[in-house]
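Asker: sequence unknown, structure follows:
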């Protein structure tokens, strides 16, 4: 099975986060208190977070471009979600829910945007490891002062 470029980008960025933090995160962690909207049956799913370090109380969400701008491939206005709204609107709703509920639970949330990392002119990840590590170290420094892995 081949990994999609989007998933590969997320895996690359989160692996660098693991390196900077100095431990491996729980990927796609889910919490009972972070849920999507209920469907027709009244059931709601637990929303995943991209990476969670329980020992640090840290959550990192990796935002691809569709989190900040319309992307036709992801935002099909004629296809409604369980919330009764288009996918782009639901993504914004769930992003806002994470931004509110994660800190309310005493966890630190860092949103790492793909656009913050080294990009090619075509807006794909350049995978400049040194530059990307420096960016991630700077982004996580405020969340984990004095706790960052010294070798990253």
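Answerer: Everything's here; your move. Note that the structure is predicted; figures quoted are calculated from it, not measured. Residues are numbered from 1 along each chain as shown.
Asker: If the closest residue to residue 23 other than its chain neighbours is in a bridge, with which residues?
Answerer: Spatial nearest neighbour of residue 23, chain neighbours left out: residue 53 (6.3 Å); criterion: Cβ to Cβ, 6 or more residues apart in numbering. C-betas here are computed from N, CA, C, even on glycine. Going by DSSP bridges, residue 53 is paired in beta bridges with residue 58.
Asker: measure residue 53 to residue 29 for me?
Answerer: Distance, residue 53 to residue 29, using Cβ to Cβ, to the nearest Å: 9 Å.
Asker: okay, the two: which has more neighbours?
Answerer: The residue with more neighbours, out of residue 53 and residue 29, is residue 53; 24 against 16, by other Cβ atoms under 10 Å.
Asker: Show the model's pLDDT score for that one.
Answerer: According to the prediction, residue 53 has pLDDT 97.
Asker: Please apply the same query to residue 38.
Answerer: pLDDT, residue 38: 92.
Asker: Tell me if I am right that it is in a helix.
Answerer: No - counting by DSSP: H, G, I helix; E, B strand; the rest coil, residue 38 is not part of a helix but coil.
Asker: tell me the contacts of it?
Answerer: Residue 38 makes contact with 44, 82, according to Cβ atoms under 8 Å, 6 or more residues apart in numbering.
Asker: measure it to residue 142 for me?
Answerer: Noted for residue 38: a distance of 35 Å to residue 142, by Cβ to Cβ.
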